[in-house]
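Novice: I need the structure of the sequence given here:
(one chain, ligands or ions: 1)
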Amino acid sequence: MTRRDPHSYADDTQAQTDSFALTARVDFATQTIAAEVTLVFHAPASGRLDLDTRDLTIESVHDALGRALAFAVHPPEPFLGARLAIELAGPTPSVRIRYRTSPEASALQWLEPAQTLGGARPFLFSQCQAIHARSLVPLQDTPRLRVRYTAELAFPRELVAVMAAADRGRRDDGALAVHRFEMPQPIPPYLFAFAIGDLASRDLSPRCRVWAEPGLVDAAAYEFAGVEAMIGAAESLFGPYDWERFDILTMPPSFPYGGMENPRLTFLTPTVITGDRSLVSVVAHELAHSWTGNLVTNANAEHFWLNEGFTMYAERRITEALEGADMAALSAALGRRELDESFERFADRPAMTKLRTHHEGIDPDECYSLVPYEKGYMFLCAIEAAVGREAFSRWLRDYLATFRFGAITTEDFEAHLEAALPGALAAANARAWLDGEGLPATAATPRSARLDAIEALGGAVPSPAVTAAWSATEWALYLESVPRPAPEATCRALDAEFHLTASTNHDILVPWLVLALKSGYLAVTPRVEQVLAAVGRMKYLRPLYTALAAEPRTRELAATVFAQHRDAYHPIARQMVETVLRPK
Ligand SMILES: [Zn+2]
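Specialist: Numbering: from 1, shown residues only. Next comes the predicted model:
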């Protein structure tokens, strides 16, 4: 037995899946999917096959000759799910599994019509990262094994299906629509993704289309109009875009992340639609994943920084190319603050602040933080500083080309860098970055003139002339620089002058609400409740619930509000809030 991913039962000594063909019938009434999947192996195989499943009902397993195969679903283990062990009778090129998903499938969120903007039709979407694909499809759920797939989804004909795959056409059949998709490029299973709902689209360029509920689609098209320019900037930095299309799906407000880099169809939170294109850096981030993460993928969650640290670096290079070095530095400064908060959160589990981590017995969702993002980013900046930008950029392009459509570990990264730029790892103090806790003493601090101007305020209320040209990032940096608890007079003055409580830009609103709560300025409480009722993005839920729970006067409110909205939150967000509210 050779298992090389602590989050999967996939065994290196067994058959490996090359592609799968899925047919699935989606039933909104029972919130289940009845499906059949054929897993096709790289080569005909016999013996034992272990697959990952979670909450699946396995009905039958057959081989390519139609012979029924013996199988056993083992008792589930915490967060890993249940091992499905199949005995392959003789050499067979494939197995066919008939199964049903559970209404509790952790990859799916089923939304009632009332939870959508239009209010008339239900909505269903998947989120497979980190290890939720197994609640949708029985498979080897590890990024080490990339797969191609075809999928045929049947669903009520008044709805529209989209998938992170190529569109192969739809036909209506009675009350049902059947929509076929194909993913010709091999992907790690966590990038398997689809959504079904009341959706409309607008073309942004020949290779970019935005999807959203009909009531939001024009606003989304306006917000993301610059995406083709972003792809152009990214291609000139990192090489050709390998996924043909870059479409965007605007998600319902309960989507737990800012975005999810599903290939060909990025999923984005609607909170980035502000009407002023001020938060589109999330698009740059998901686009950057087309190279870092989707093309060169971490072999397992222990090397997650290879996905996210590289993507933060790539995102800020795109920002720098399009908006200038100052904007990239502001973004890095904000990232540095968020990194310090993550370090505080892991004060009692400092091993989680390393870049190279050990995940045996650890739920990857439970230890999700910005450490792999922002510490990974800073590490790559340290290497860049050691070897110079030109040499680093050349190495990065070579790294991306070398490991294209592959899955790698931190050791693969080290070996490649050392071969290309001997001495670079030592010069950047790589050991301390990768295997040390917190930040090395040599870590650089991001600097920019605009950042200096904010720091010079020392938390004092700025004049409107100063803030007139501020970006959302500058507002967030300023609000987080105000010493807390801030005097009530300061909170009152800020709110009176800048109407912060009324802001609809959550990247400004939420840091303000957190400052107000931590300062005991409880006039904002109704607005806090409003945000927690309307939005399920963890970036906002976590600081708001943390601030409510930290203050004796609002602790009970945190529990009440959560009880009220927990069912509307995505399962991943629900789990996160439960952790925040758990008595320490
Ligand atoms: Zn990312």
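Novice: and H179, bridged to which residues?
Specialist: Using DSSP bridges, the bridge partners assigned to H179 are L153, R170.
Novice: Does it touch A161 like I think?
Specialist: Yes. Taking contacts as CB atoms under 8 Å, H179 lies within contact range of A161: 4.4 Å. No exception for glycine: its C-beta is placed from N, CA and C like everyone else's.
Novice: Between these two, which contacts overlap?
Specialist: Residues touching both H179 and A161 (CB atoms under 8 Å, 6 or more residues apart in numbering): 153, 155, 170.
Novice: Tell me the one among those residues nearest to E437.
Specialist: L153 (45.3 Å; CB to CB).
Novice: What residues does the closest one make contact with?
Specialist: L153 sits next to 24, 26, 161, 163, 178-179, 181, 194, 196 when contact means CB under 8 Å, 6+ apart.
Novice: Using CSV, lay out those together with neighbour count, pLDDT and secondary structure.
Specialist: Formatted as CSV, the contacts of L153 follow (neighbours: other CB atoms under 10 Å; pLDDT from 0 to 100; DSSP: H, G, I helix; E, B strand; the rest coil):
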residue, neighbour count, pLDDT, secondary structure
A24, 20, 98, strand
V26, 22, 98, strand
A161, 22, 98, strand
M163, 25, 98, strand
V178, 17, 98, strand
H179, 22, 98, strand
F181, 23, 98, strand
F194, 25, 98, strand
I196, 24, 98, strand
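Novice: Let me know the secondary structure of the closest residue to V461 other than its chain neighbours.
Specialist: With CB to CB, 6 or more residues apart in numbering as the criterion, V461 has its nearest non-adjacent residue at 5.0 Å, and that residue is A493. Secondary structure assignment for A493 (DSSP: H, G, I helix; E, B strand; the rest coil): helix.
Novice: Can you get me a residue count around A493?
Specialist: For A493, the count of nearby residues is 14 (other CB atoms under 10 Å).
Novice: P78 now?
Specialist: P78 has 7 nearby residues by other CB under 10 Å.
Novice: quick one: the nearest residue to it once chain neighbours are set aside and G81, what's the gap?
Specialist: Closest residue in space to P78, ignoring its immediate chain neighbours: D363 at 7.4 Å, by CB to CB, 6+ apart. In this view, D363 and G81 are 11 Å apart by CB to CB, to the nearest Å.
Novice: Between these two, point out the one with more neighbours.
Specialist: Between D363 and G81, counting by other CB under 10 Å, G81 is the more crowded of the two (26 against 16).
Novice: isn't the more buried one right up against T53?
Specialist: Yes. At 5.6 Å, G81 counts as touching T53 under the criterion of CB under 8 Å.
Novice: which neighbours do these two share?
Specialist: Going by CB under 8 Å, 6+ apart, residues that sit against G81 and also against T53 are 134-135.
Novice: Buried residues, stretch 526-537. List them.
Specialist: For stretch 526-537, a neighbour-count test (16 or more other CB atoms under 10 Å) marks 527-529, 531-532, 535-537 as buried.
Novice: now, among those residues, which is nearest to V280?
Specialist: Closest to V280 out of these is R537 (15.6 Å), distances taken as CB to CB.
Novice: where's the closest one relative to W512, distance?
Specialist: 16 Å.
Novice: Same check on E488?
Specialist: E488 sits 15 Å away from W512, going by CB to CB.
Novice: can you pull the buried residues of stretch 441-458?
Specialist: 443, 446, 448, 450-451, 454.
Novice: which outside residues touch that stretch?
Specialist: Contacts of stretch 441-458 (CB under 8 Å, 6+ apart): 325-326, 329-330, 332-333, 336, 378, 381-382, 385, 429, 432, 466, 474, 477-478, 481.
Novice: which parts of the chain sit against the ion?
Specialist: The chain comes close to the ion at residues 308, 311, as judged by CB under 5 Å from the ion.
Novice: Could you list the low-pLDDT ranges of the chain?
Specialist: 1 (pLDDT under 70).
Novice: Might you report the residue contacts of E87?
Specialist: Taking CB under 8 Å, 6+ apart as the criterion, E87 is in contact with 47-48, 69-71.
Novice: tell me the secondary structure for it?
Specialist: Classification of E87 using three-state DSSP returns strand.
Novice: beta partners for it?
Specialist: Applying DSSP bridges to E87 gives these bridge partners: R48.
Novice: before we move on, the earlier item: and which of the shared contacts of H179 and A161 is nearest to the ion?
Specialist: For the shared contacts of H179 and A161, the residue nearest the ion by CB to the ion is L153; the value is 26.2 Å.
Novice: Now for the residue of the stretch 451-584 of the chain found nearest the ion, how many residues are close by?
Specialist: Residue nearest to the ion within the stretch 451-584 of the chain: K539 (12.1 Å; CB to the ion). Applying other CB under 10 Å, we find 18 residues neighbouring K539.
Novice: for the one 5 residues further on, same thing?
Specialist: By the other CB under 10 Å criterion, the neighbourhood of L544 contains 22 residues.
Novice: which helices and strands does the one helix or strand D340 maps to pack with?
Specialist: According to DSSP states H and E, D340 maps onto helix 325-345. Helices and strands touching helix 325-345, by 3 or more CB pairs under 8 Å, 6 or more residues apart in numbering; DSSP states H and E, are helix 304-323, helix 376-387, helix 449-456, helix 472-481.
Novice: ok so, going back, which strands and helices sit next to the helix or strand harbouring the residue of the stretch 451-584 of the chain closest to the ion?
Specialist: Assessed by DSSP H and E, K539 sits inside helix 538-550. The elements that helix 538-550 packs onto, with contact taken as 3+ CB pairs under 8 Å, 6+ apart, are helix 506-518, helix 525-534, helix 555-565, helix 571-581.
Novice: For the helix holding D340, output the C-alpha coordinates as CSV.
Specialist: Once non-C-alpha atoms are left out, helix 325-345 reads as follows in CSV (Å, rounded to 0.1, in the frame of the first residue of the first chain):
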residue,chain,number,x,y,z
ALA,A,325,3.8,49.4,-8.5
ASP,A,326,2.2,51.5,-5.8
MET,A,327,-1.1,49.6,-6.1
ALA,A,328,0.7,46.3,-5.9
ALA,A,329,2.6,47.5,-2.8
LEU,A,330,-0.7,48.6,-1.1
SER,A,331,-2.1,45.1,-1.8
ALA,A,332,1.0,43.5,-0.3
ALA,A,333,0.8,45.7,2.7
LEU,A,334,-2.8,44.7,3.3
GLY,A,335,-1.8,41.1,2.8
ARG,A,336,0.9,41.5,5.4
ARG,A,337,-1.7,42.7,8.0
GLU,A,338,-3.9,39.8,7.2
LEU,A,339,-0.9,37.5,7.6
ASP,A,340,-0.2,38.8,11.1
GLU,A,341,-3.9,38.1,12.0
SER,A,342,-3.5,34.5,10.7
PHE,A,343,-0.3,34.1,12.9
GLU,A,344,-2.3,35.3,15.9
ARG,A,345,-5.1,32.8,15.1
